[in-house]
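Asks: all I have is the shape, not the residue letters:
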DNA sequence: TTGAAAGCGATACCAA
DNA sequence: TTGGTATCGCTTTCAA
């Protein structure tokens, strides 16, 4: 009886197929009159297949509208052509841009990027990483170098190439491509001192690295004899509005002349708007320094100064390192500093 | 000889294993003293497993540091818990925000989002979709409603729930959640006319939907007796700088008083900066209208007017529709208009 | 240059 | 409540 319940397949398909009738490699192979492995090779290593066979296969592929199943392929080959990237937030332009460059470089080599957002404290980073690893990416990009012991264990156990970015450490998990927040704090303090500013204020996002840069800067300023830095901390996600109110709060606390350091250009930009609306001259009365070189900040607003981070370089270097590691190449350096630059257009 | 090359496995693992020694369901099962299917159930349907068994399994899982392989799971179950999303650009805040809301809603239900950027004409949308479909997502979100015949074929053949966004059509491929660019064009024209502006200029990105809104608006303005709209088209990706130069070019062409419509808030914002730098009063001498309500534009700059699109609603509705469709629920409506709103703070 | 057979690591289906 | 067995669709390995 049961045998009769399995309907004959007029298209010649296997009778064991489920209801979902997507085209498989076997279908293509049958139509082309070759074996499945030949079709697989035609797709992955076209040079290893005779031209005539290749033509037959390609014809069969376009006739059937075959779309490869990378789940099956990845399972069998242990190569998913997927790279995971963990960033704090997709709506923060500096991270989004980094990922865009990263992603573009990888796409060219046939890889796709699986994005994970770590900026939600409700969801632990560990759970996020675990979820992402369950897709068996061939490599992974992380933002920052501080990970819990559990995360480190998880990442190392995955045994895949790994790049940390957006920070620097002498002891990366694998390889780090970033810049030194400490050196930025020092450089900005020195810059401020060299300009002769007496009063310094900060508008800083509630973000670990932003706070660290600020701390270093404040310490360094003391060495220059500048103390009593007025602070304003704003919550994330940062936006123009919070930059405005950050400056407003500093001004309300009595800040008048001097320089303000903001932990991102979007905050700096918001502060600039607040200053303008109060008729304060920037940079003559109040100088504003940002971070990130977002939105071509200094090109658009010559009054602003910023710390430029080369996201394009960071993203593509990270991508190339992962690709090299996947191809089993050994790296000379595991700590790559892409540096930063203080960009100033107008001078007071 | 060869048999001696295969080392004995002290942990009792199968000898057929490859070099990559990641923990599998079978390893967990062996350690827990149950079958693989029981471990699978403990993970996916904990209620269907006896409490004692569950404990044993969970212990084994944490002892081994097991991370499920979703490639294998997806292949076997035909459910990947992956949803694809195609957006023009990740660095455009309005799309990034939509995806963030979309993604958050899906994460809560155990789904992950696979992102694809369609804004690169070098890579055809068809190839992008094909690549994405090869991961066998359980559903897909598209931006816009215009797709080539090849793309439509590909999408329909995938036979998965599909949501189009950021536009509206009476004939969606499956379901559409968006707003009407035509109605926006009309509404903005009517708004401009109602304010009594005589001269109208536009700063528009080289983007199909942006141009369409502009075209509709210009036609509608003619009905109000307003003609000779001065245009400035800027290339994508848009940024503050291009907004500045957009307005600069209009002013150079002789534009003086009136209103400027920009195809995005970032352009509007750039235009505002240019106006301020020239000492033009906004909105008294020159009014500026944006689009998108990006960066809390009107909260920050009361001088600006914008067209608010509720990305939060659009993203989460799109997510919920996909989830419902995946759960085999039928939908009442396949065309969902999330609407828009003209937001004005200051009046001239 | 091509093919046969044995997995990859999970789940579905049916039985116990 | 638990388990055996047959897949899922592809690639690897080895042979022809």
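Replies: Perfect, I can see it now. Predicted model only: the values in this text are computed from it and were never measured. Residues are numbered from 1 along each chain as shown, chains lettered A, B, ... in the order given.
Asks: check which helix or strand the spatially most central residue of chain A maps to.
Replies: For chain A, the residue nearest the mean C-alpha position is residue A:99 (3.9 Å; C-alpha atoms, centre = their mean). Using DSSP states H and E, residue A:99 sits within helix A:93-108.
Asks: can you list the helices and strands that that helix packs against?
Replies: Helices and strands touching helix A:93-108, by 3 or more C-beta pairs under 8 Å, 6 or more residues apart in numbering or on different chains; DSSP states H and E, are strand A:82-87, strand A:112-117, helix A:311-326. All C-beta spots, glycine's among them, are computed from the backbone N, C-alpha and C.
Asks: let's see it at 6 Å
Replies: With contacts taken as 3 or more C-beta pairs under 6 Å, 6 or more residues apart in numbering or on different chains; DSSP states H and E, helix A:93-108 sits against strand A:82-87, helix A:311-326.
Asks: list the contacts for the residue nearest to the centre of chain A?
Replies: Applying C-beta atoms under 6 Å, 6 or more residues apart in numbering or on different chains to residue A:99 gives the contacts residue A:85.
Asks: how about 10 Å then?
Replies: If a contact means C-beta atoms under 10 Å, 6 or more residues apart in numbering or on different chains, then residue A:99 has A:85, A:87, A:90, A:113, A:115, A:141, A:143, A:311, A:315, A:318, B:90-91, B:115, B:117 as its contacts.
Asks: which pair in the residues you listed has the greatest spatial separation?
Replies: A:143 and B:117 (19.1 Å; C-beta to C-beta).
Asks: which stretches of chain A have low pLDDT?
Replies: For chain A, the stretches with pLDDT under 70 are A:1-21, A:296-297, A:346-348.
Asks: can I get the helices and strands packed on helix A:93-108 in JSON lines with mean neighbour count and distance to DNA strand C?
Replies: Converted to JSON lines, those look like this (neighbours: other C-beta atoms under 10 Å in any protein chain shown; distance: least, C-beta to the nearest atom of the strand, whole Å):
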{"stretch": "strand A:82-87", "mean neighbour count": "25", "distance to DNA strand C": "15"}
{"stretch": "helix A:311-326", "mean neighbour count": "21", "distance to DNA strand C": "18"}
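Asks: switch those over to CSV; also include distance to chain B.
Replies: Formatted as CSV, the helices and strands packed on helix A:93-108 follow (distance: least, C-beta to the nearest C-beta, whole Å):
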stretch, distance to chain B
strand A:82-87, 8
helix A:311-326, 10
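Asks: so which of those gets nearest residue B:331?
Replies: Shortest distance between residue B:331 and the helices and strands packed on helix A:93-108, using C-beta to C-beta, is found for strand A:82-87: 31.2 Å.
Asks: list the buried ones in the helix holding residue A:99?
Replies: A:93-107 (16 or more other C-beta atoms under 10 Å in any protein chain shown).
Asks: tell me how far it is from the chain's mean position?
Replies: Centroid separation between helix A:93-108 and its chain, computed with C-alpha atoms, centre = their mean, to the nearest Å, is 7 Å.
Asks: and for stretch A:306-313?
Replies: With C-alpha atoms, centre = their mean, you get 13 Å for stretch A:306-313.
Asks: just to revisit the earlier point, go through the buried residues of helix A:93-108 and name the one nearest DNA strand C.
Replies: Nearest to DNA strand C among those, counting by C-beta to the nearest atom of the strand, is residue A:106 at 23.9 Å.
Asks: so what's the closest one up against?
Replies: Contacts of residue A:106 by C-beta under 10 Å, 6+ apart are A:81-83, A:85, A:112-113, A:138-139, A:141, A:315-316, A:318-320, A:322-323.
Asks: element containing residue A:177, please.
Replies: Going by DSSP H and E, residue A:177 is in strand A:175-178.
Asks: residue numbers of chain A in contact with DNA strand C?
Replies: Taking C-beta under 7 Å from any atom of the strand as the criterion, chain A approaches DNA strand C at residues A:34-38, A:41, A:48-50, A:52-53, A:72, A:75-76, A:78.
Asks: enumerate the residues of the stretch 101-250 of chain A near chain B.
Replies: A:101, A:103-104, A:107-108, A:110, A:112-117, A:119-120, A:122-123, A:128-136, A:150, A:153-154, A:157-160, A:237, A:239-245 (C-beta under 10 Å from any C-beta of the partner chain).
Asks: just the buried ones out of these, please.
Replies: Using 16+ other C-beta under 10 Å, the buried ones in those are A:101, A:103-104, A:107, A:112-117, A:119, A:123, A:128-136, A:154, A:158, A:160, A:237, A:239-245.
Asks: direction included, what does the helix or strand harbouring residue A:342 pair against?
Replies: Here residue A:342, judged by DSSP H and E, is contained in strand A:341-344. Sheet pairing here is set by DSSP bridges, and for strand A:341-344 it gives strand A:305-308 (antiparallel).
Asks: contacts for the strand it pairs with next, please.
Replies: A:179, A:184, A:187-188, A:191-192, A:195, A:213, A:259, A:261-262, A:264-265, A:268-269, A:283, A:287-298, A:339-347.
Asks: ditto for stretch A:28-43
Replies: A:11-14, A:23-27, A:47-50, A:53-66, A:68, A:73, A:76-77.
Asks: tell me which of those fall in strands.
Replies: The strands, defined by DSSP state E, take in nothing from those.
Asks: give me the subset of the residues you listed that also touch DNA strand D.
Replies: Among those, the residues within reach of DNA strand D (C-beta under 7 Å from any atom of the strand) are A:14, A:24, A:25, A:26, A:66, A:68, A:73, A:76, A:77.
Asks: so how do I select the buried members of those in ChimeraX?
Replies: The ChimeraX selection below is limited to those of those classed as buried (16+ other C-beta under 10 Å):
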select /A:24,25,66,68,73
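Asks: and the ones next to DNA strand D among the contacts of stretch A:28-43, which two are the farthest apart?
Replies: Maximum distance among these (C-beta to C-beta): 22.7 Å, for A:14 and A:77.
Asks: ok, which stretches of the stretch 201-348 of chain A are strands?
Replies: A:230-234, A:258-262, A:286-289, A:305-308, A:335-337, A:341-344 (DSSP state E, counting those that start in this stretch).
Asks: ok, now which ones touch the nearest residue to residue A:107 once chain neighbours are set aside?
Replies: Excluding its sequence neighbours, the residue lying closest to residue A:107 (C-beta to C-beta, 6 or more residues apart in numbering or on different chains) is residue B:123, at 7.3 Å. Residues in contact with residue B:123 (C-beta under 10 Å, 6+ apart) are A:104, A:107, A:108, B:116, B:117, B:131.
Asks: for stretch A:27-44, buried residues please.
Replies: Applying a neighbour-count criterion of 16+ other C-beta under 10 Å, one finds A:27-32, A:34, A:38-43 buried in stretch A:27-44.
Asks: out of the residues of the stretch 101-250 of chain A next to chain B, which sit inside helices?
Replies: With DSSP state H as the criterion, helices contain A:101, A:103-104, A:107-108, A:128-133, A:150, A:153-154, A:157-158, A:240-245 from among these.
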